[in-house]
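J.: what's the 3D shape of this:
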Amino acid sequence: MSTLSLFPGEPDEPSERARLNALCDALEAHNFAYYVLDAPTISDAEYDAQLRALQDLETRHPEWRRADSPTQRVGSLQRTTLFAPVQHREPLRSLDNAMNSGDWDAFYQRLTRALNAPATESLAFCAEPKFDGLAINLTYENGRLTTAATRGDGDTGEEVTLNIRTVPSVPQRLARAVPGLLEVRGEVVMSHAAFAALNATQQAAGEKPFVNPRNAAAGSLRQKDPRVTARRPLEFFAYGVGACAVPLPERQWALLDWLGELGFHISDLRAAVQGRAAVLAYHEKLLAQRSGLDFDIDGAVFKLDDRAHQARLGHTDRAPRWAIAFKFPAEEAQSRLLAVDFQVGRTGALTPVARIEPVFVGGVTVSNITLHNIDEIRRKDIHLGDHLIVRRAGDVIPEIVRVRPEQRPADAAEITLPRQCPVCGSAVVRPEGEAVARCSGGLFCPAQRREAILHFASRKAMNIEGLGEKWVEQLLGAGLITHVDDLFQLTPDALQHLPRMGEKSAHNLIDAITQAKATTLPRFLYALGIPEVGEVTAASLAAHFGSLDALKAADPATLQAVPDVGPVVAEEVHTFLAQTHNQAIIDGLLSAGIHWPDPTPAPASAQPLAGQTFVLTGSLSQMTRETASERLRALGAKVSGSVSAKTTAVIAGEEAGSKRDKAEALGIPLLDETALLALFATHEARQD
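T.: Numbering: from 1, shown residues only. Just a heads-up that it's a prediction; the model follows:
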């Protein structure tokens, strides 16, 4: 059985007349989804392409044009029954589109011919951004708002008066007296910031998020309860007038000024332009500004500034002949998911990246899209082979907006998290309740080695003075090191071949590496970069097990006996130390001469400061805060980074800040450096 194609050139194409009917039916279904349900089923670019295909067929075969053709009207033939119908006194017409400069030139030539103007004459236009929102018609009688209605099919809309009254930028009474009837046309929109906040609220409440700001604005305005609409931050921008009982300004620009004087918001991005060059320059400037705006726009609208010319040119059933929307490159387009790769970041985080059929969207060709994490894939129900709606707003990173489940192939496969790192083969670990999965081969994985080496050499870890980003990158680039244990095989002669590494610098770095061999077990454990193991946890592990061998032999249940070590940390430590390549690097470090005095684990009751918590703030003159922290932990104390009611004392050095203030407010004892030294002298002497 053949399927009906909406576009020419596909296999099994039916007759042109059948294709015309299929396009009419498809576009009507899309109109209903967009205008009535506020749930678009295709992107704007796809809709425009189908509409233009229908227009081309009707141009070649005008005798086939249907009375209900979407080219002859605006919106959908069907209306929701939630709101009462409102007959517009003057139709709310749509705009014809120019997709490129060639379309614009054709429009301009039609104007000059219709106005009998010389081809060389530069016509004047009023240029405005084309907001991507919901068109609204506001009716005022003697200056007071009486009715608000949606565009609907252009002739009949839906009454939303009570809801529109909740929009702060819609005047309930005009700022200047206008006798009789006045219809004001404009767009209701939602800002990007408001849209993000609304979707966060939707998701927190377990409700479906909105697809885009236009969808959110339309959905907010069609609420049964105006109180819901009132909680949605909507804005209204006026751009035109329908029926009116008073004479209007002779120029479009002056008409907008007049609407502003009546109290309406008018876009401050409008401009008066004259001639082709000025039109194209405005379009390009607005396109460049697009990504920085707080509202969605999808093009620029150009209207003849002379309203007498507007009246002379008139309109078709669907659109005025004197105006056009010069669209921007599509921000949304359809593609298909070919594959998903998992990239490993510098910290070991696995990020899924979608490989899609290349598609031109937002002015560029997109073939790769970041999917953030496996939860994002599940939330959007993405499967391999899916047809996708891809969005790229301005210059931001492209995203998959949604899938087209009705087009999902029968063999579409679920996307699963890999068990092994795609770079090094280490086990992938994803702690329960966390969104990010990580490679457990931190010391070994090539994707992580730069960060692993920098962490290993950092001041609170092995403290290799002088080994910063610049030298690590040079050492890796020259192939002198691959993993952290290679640092201890370096020689001054090998280093002197590096750019800007003189003999003295080379010897200084080797001396710093040599000095780092004498360390402590807590520092060594912290330097390994085990996920979830910071300074405090490393010190707790060292104090509890007393030796590296005892720690390596511990299973997750045994690890959880360590204070502050829960199931997540226990699993991370066990997995890391069980990896054979991590074991090989640790063995290499020990063989290179790294050593520390093995502490003798003491029962908590024998440690004089067991159960006490200290916080250090400010600078100490006779030792570093890291050294003070290690000495406190050796006495059984816990060293915390924040002050709470459970804090035993705050040790305040020079230039102590907010932690000292908080301690004073809570009545927690403050110790200076002299008192700290006395504390050490008393308790360390007893331990000896």
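
J.: Helices of the stretch 301-450 of the chain, residue ranges please.
T.: 307-313, 374-379, 449-457 (DSSP state H, counting those that start in this stretch).

J.: could you dump the ones you listed to JSON lines with mean pLDDT?
T.: Output for the helices of the stretch 301-450 of the chain, formatted as JSON lines (pLDDT from 0 to 100):
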{"stretch": "helix 307-313", "mean pLDDT": "92"}
{"stretch": "helix 374-379", "mean pLDDT": "88"}
{"stretch": "helix 449-457", "mean pLDDT": "88"}
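
J.: Would you mind finding the most buried of the ones you listed?
T.: helix 449-457 (a mean of 22; mean count of other Cβ atoms under 10 Å). Any C-beta I mention is one placed from the backbone N, CA and C, and that applies to glycine too.

J.: any chance you could map the strands in the stretch 401-550 of the chain?
T.: Remark: strands assigned in the stretch 401-550 of the chain by DSSP state E, counting those that start in this stretch are 413-414, 428-429, 438-439.

J.: Looking at those, which is nearest to residue 314?
T.: Nearest to residue 314 among those is strand 413-414; the distance by Cβ to Cβ comes to 55.8 Å.

J.: same question for the closest one, mean pLDDT?
T.: Averaging pLDDT along strand 413-414 gives 92.

J.: Now for the spatially closest residue to residue 593 that is not a sequence neighbour, how many residues are close by?
T.: Distance criterion Cβ to Cβ, 6 or more residues apart in numbering; nearest residue to residue 593, sequence neighbours excluded, is residue 517 at 4.7 Å. Number of residues near residue 517 (other Cβ atoms under 10 Å) recorded here: 14.

J.: same deal with the one 5 residues further on?
T.: Burial of residue 522, expressed as a neighbour count using other Cβ under 10 Å, amounts to 25.

J.: next one: residue 127
T.: Applying other Cβ under 10 Å, I find that residue 127 has 24 neighbouring residues.

J.: before we move on, the earlier item: I'd like the strands of the stretch 401-550 of the chain laid out as JSON lines, including distance to residue 318 and mean neighbour count.
T.: Converted to JSON lines, these look like this (distance: least, Cβ to Cβ, whole Å; neighbours: other Cβ atoms under 10 Å):
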{"stretch": "strand 413-414", "distance to residue 318": "44", "mean neighbour count": "10"}
{"stretch": "strand 428-429", "distance to residue 318": "56", "mean neighbour count": "21"}
{"stretch": "strand 438-439", "distance to residue 318": "56", "mean neighbour count": "27"}
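
J.: export these to JSON lines and tack on distance to residue 305?
T.: As requested, these are exported to JSON lines (distance: least, Cβ to Cβ, whole Å):
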{"stretch": "strand 413-414", "distance to residue 305": "57"}
{"stretch": "strand 428-429", "distance to residue 305": "62"}
{"stretch": "strand 438-439", "distance to residue 305": "60"}
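
J.: circling back to that earlier point, thinking the residue nearest to residue 593 is in contact with residue 596, fair?
T.: No: Residue 517 is beyond contact range of residue 596, at 9.5 Å (criterion: Cβ atoms under 8 Å).

J.: got the buried residues for stretch 612-624?
T.: 612-618, 620 (16 or more other Cβ atoms under 10 Å).

J.: Among these, which lie within strands?
T.: 613-617 (DSSP state E).

J.: Return the member of those nearest to residue 454.
T.: residue 616 (24.6 Å).

J.: Provide the partner residues of the closest one in its beta bridges.
T.: residue 651 (DSSP bridges).

J.: pLDDT below threshold where in the stretch 201-350 of the chain?
T.: 330 (pLDDT under 70).

J.: cool, the stretch 401-550 of the chain as well?
T.: Scanning the stretch 401-550 of the chain for pLDDT under 70 picks out 433.

J.: So what would you say the end-to-end distance of stretch 254-272 is?
T.: 11 Å (Cα to Cα, to the nearest Å).

J.: can you pull the buried residues of it?
T.: Judged by neighbour count (16+ other Cβ under 10 Å), stretch 254-272 contains these buried residues: 255-256, 258-259, 262-267, 269-271.

J.: And those residues, which is closest to residue 489?
T.: residue 269 (62.5 Å).

J.: Contact partners for residue 241?
T.: 182-185, 248, 255, 259 (Cβ atoms under 8 Å, 6 or more residues apart in numbering).

J.: cutoff 7 Å now
T.: Taking Cβ atoms under 7 Å, 6 or more residues apart in numbering, we find residue 241 in contact with 183-185, 248, 255.

J.: Secondary structure element for it, which one?
T.: Using DSSP states H and E, residue 241 maps to strand 234-244.

J.: Report the next helix or strand after that strand in sequence order.
T.: helix 252-261.

J.: and that next one, how far from the chain's centre?
T.: 37 Å (Cα atoms, centre = their mean, to the nearest Å).

J.: And it, what does it pack against?
T.: strand 124-131 (3 or more Cβ pairs under 7 Å, 6 or more residues apart in numbering; DSSP states H and E).
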